[in-house]
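**Q** give me a model of this one.
(one chain, ligands or ions: 1)
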Amino acid sequence: MPPNKLRRPPGPRGLPLLGLTLALRKDALGTLRRVAREYGDIIRIPVGFQDRIFLNHPDYIEQVLVIQQAKFHKSELTKRLTEGLLGQGLLISEGDFWRRQRRLVQPSFHRSRINEYAATMKESALSHIRDWRHGEERDIAGEMMALTLGVAVRTLFGTTLPAEGRQVGNSLSFLMRYQLGRLRSPIRIPESWPTPRNRRALRERNFLDSLVYRIIQERQSQGNSNHHNDLLSMLMSAMDEDGSQMTPQQLRDETMTLFLAGHETTAQALAWTWFLLAENPGAEARLYEELQTVLNGRPPDPADFAKLPYLYALIHEVLRMYPPAYITARTSIEPSQIGGYEFPTGATILMSQWIMHRDPRYYDDADTFRPERWLDGLADRLPAGAYFPFGDGPRRCIGQGFAMLEAAIVIGTLAQRFQFRLVPGPPVVAEPLVTLRPRHGIRMTVLARN
Ligand code: HEM
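**A** Predicted structure coming up:
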């Protein structure tokens, strides 16, 4: 069937096309959900003046991410969002170049390597909460961002980061906002025009580049060795089968990519965890009991995780309900056939974790937070493609093990010491930016246990 036979929704509940576009701008998550429920598993959605194909069935998602993955590249949207910042890093590179880089970076994320970071994660968690006091209010989303930023800095660069390294997080945040603003703005101001924002973007980029290059150069001049037990030194020593290594430019791109891909996603997962636990005191009590029984106050180690099934179920449930990567996009590089429809080269395909993870066909009470649902083998029963917080196929997240370890350590450490309660105020709303963030942060009162 030719692609133009695809049903094209006029908009939710009869809204005209313009109405749908506006509704997407106003409430993208709600609108996508309504459209998916109303128009089915494969939909053609007009966004601005372009159509996007929206897949809402696990089998179709598997076709794109796994079975026919060679016919798809990362989307132009993803590339435009990160251009100039991530260079040819893993997140957006393609083809043989991506394959070589993935081969070189993969060993640094081997389970045994990642477990070595557990100590850094524990120390960072404990030192972050050292001055937290009973009864004070904090923006927990901001706190989790600062905590995961600290972990990212220390695991990537070790303790060798110069003082100005603390600016890295601010620079990256500004640049991501800047890129997103450019992508969403209807007016395209060339980057070369000296507007205040363009000038600042240039400054921030130069700052990041010079910092990372300087660290690489210092390491090279000292003859990089594994005595720096951090990701950067592993990347610097990584050697391909033909004996080649990464150039400084490639090292810079991969470092920036790991930094950016790693810390904000994990921070959002942690922020949503505290929100959901505060809203569900039964789950909070069950988690506390499990942690106390197994750990009795000490932070968890990787060896403990097999004894902490509820903690893992909790993390699965948080990633189901509030997937930090809430949408995945691809562009077809050759014609493909999915669900009986043919797509031409250049079609933009959207698949949303946010939609699939709350689909009532696969999850009972899909909008209800119930970590227990994961305790009886649900993960094995679900069709592939119904749950994909870390993506799937060859482009699956390289940092999945790292993120799960960090989440388990931070939650296991903090939940034994504190409870968090929402401060009355505007409702906590998920905002789909680069990741799924709480729109105004999450203000919470910190209550010390005992
Ligand atoms: C809860 C935390 C995280 C979530 C939800 C997450 C999610 C994802 C998803 C969905 C993808 C696939 C994107 C696509 O197919 O287009 C991805 C890729 C990637 N992630 Fe993560 N991620 C997380 C943490 C991390 C961490 C901690 C790191 C590194 C330290 C990392 C590094 C990467 C990289 C480099 C890629 C690209 C891999 C490739 O294409 O070869 N992520 N992530």
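**Q** and F388, how far from A267?
**A** The gap separating F388 from A267 is 20 Å, by Cβ to Cβ, to the nearest Å. C-beta: built from backbone N, CA, C; applies to glycine.
**Q** go on, R100?
**A** Distance from R100 to A267, by Cβ to Cβ: 30 Å.
**Q** got it, and D27?
**A** Distance from D27 to A267, by Cβ to Cβ: 24 Å.
**Q** these two: which has the busier surroundings?
**A** When D27 and A267 are compared for neighbours, A267 comes out ahead with 26 against 14, by other Cβ atoms under 10 Å.
**Q** how about the helix or strand harbouring that one and the ligand, any contact?
**A** Per DSSP states H and E, A267 falls inside helix 248-279. Yes: contact between helix 248-279 and the ligand, assessed by Cβ under 6 Å from any ligand atom, occurs at T257, L258, A261, G262, T265, T266, A269.
**Q** tell me the secondary structure at Q419.
**A** Under DSSP: H, G, I helix; E, B strand; the rest coil, Q419 falls in the strand class.
**Q** isn't it right next to M444, touching?
**A** No: counting by Cβ atoms under 8 Å, Q419 does not reach M444; the two are 9.3 Å apart.
**Q** list residues touching both of these two?
**A** A278 (Cβ atoms under 8 Å, 6 or more residues apart in numbering).
**Q** neighbour-wise, which of those two wins?
**A** Set Q419 next to M444 and count neighbours by other Cβ under 10 Å: M444 wins out with 24 against 19.
**Q** tell me which residues touch the more buried one, please.
**A** By Cβ under 8 Å, 6+ apart, the contact set of M444 is E137, R138, D139, I140, W274, A278, F420, R421, L422, V423.
**Q** write the ChimeraX selection for whichever of the residues you listed are buried.
**A** Those of these that count as buried under 16 or more other Cβ atoms under 10 Å are selected in ChimeraX with:
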select :138,139,140,274,278,420,422
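**Q** now the contacts of M444 as CSV including pLDDT?
**A** Formatted as CSV, the contacts of M444 follow (pLDDT from 0 to 100):
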residue, pLDDT
E137, 97
R138, 97
D139, 96
I140, 97
W274, 98
A278, 98
F420, 98
R421, 97
L422, 97
V423, 97
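**Q** on that earlier part again, in the helix holding A267, what's buried?
**A** Neighbour counts over helix 248-279 (16+ other Cβ under 10 Å) mark 250-278 as buried.
**Q** name the element E431 belongs to?
**A** Here E431 is assigned to strand 430-432, by DSSP H and E.
**Q** any part of that strand near the ligand?
**A** No: using Cβ under 6 Å from any ligand atom, strand 430-432 stays clear of the ligand, coming no nearer than 13.6 Å.
**Q** measure Q50 to F72 for me?
**A** 17 Å.
**Q** between these two, who's got more neighbours?
**A** Between Q50 and F72, F72 has the larger neighbour count (other Cβ under 10 Å), namely 23 against 8.
**Q** where in this structure is pLDDT low?
**A** 1-18, 47-49, 159-162, 224-227 (pLDDT under 70).
**Q** mind checking which residue lies nearest the centre of it?
**A** T265 (3.4 Å; Cα atoms, centre = their mean).
**Q** ok, that one - contacts?
**A** Applying Cβ under 8 Å, 6+ apart, the residues near T265 are P324, A325, A403, T435.
**Q** ok, Q268 next?
**A** By Cβ under 8 Å, 6+ apart, the residues touching Q268 are A141, M144, Y322, P324, T435, L436, R437.
**Q** need those residues in a markdown table with neighbour count, distance to the ligand and secondary structure, can you?
**A** Output for the contacts of Q268, formatted as a markdown table (neighbours: other Cβ atoms under 10 Å; distance: Cβ to the nearest ligand atom, whole Å; DSSP: H, G, I helix; E, B strand; the rest coil):
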| residue | neighbour count | distance to the ligand | secondary structure |
| --- | --- | --- | --- |
| A141 | 23 | 14 | helix |
| M144 | 25 | 11 | helix |
| Y322 | 25 | 10 | coil |
| P324 | 23 | 4 | coil |
| T435 | 19 | 8 | coil |
| L436 | 23 | 9 | strand |
| R437 | 22 | 13 | strand |
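**Q** which member of the residues you listed is positioned nearest I43?
**A** Using Cβ to Cβ, L436 comes nearest to I43 of the contacts of Q268, at 21.1 Å.
**Q** correct me, but that closest one touches P324?
**A** Yes: using Cβ under 8 Å as the test, L436 is close enough to P324 to be in contact (5.5 Å).
**Q** any figure for the gap between D392 and R330?
**A** In terms of Cβ to Cβ, D392 sits 12 Å off from R330.
**Q** which of the two has more neighbours?
**A** Neighbour comparison, D392 and R330: the larger count goes to R330, with 24 against 19 (by other Cβ under 10 Å).
**Q** tell me the contacts of that one?
**A** Per Cβ under 8 Å, 6+ apart, neighbours of R330: V64, L65, F72, H73, K74, S75, T348, I349, M351.
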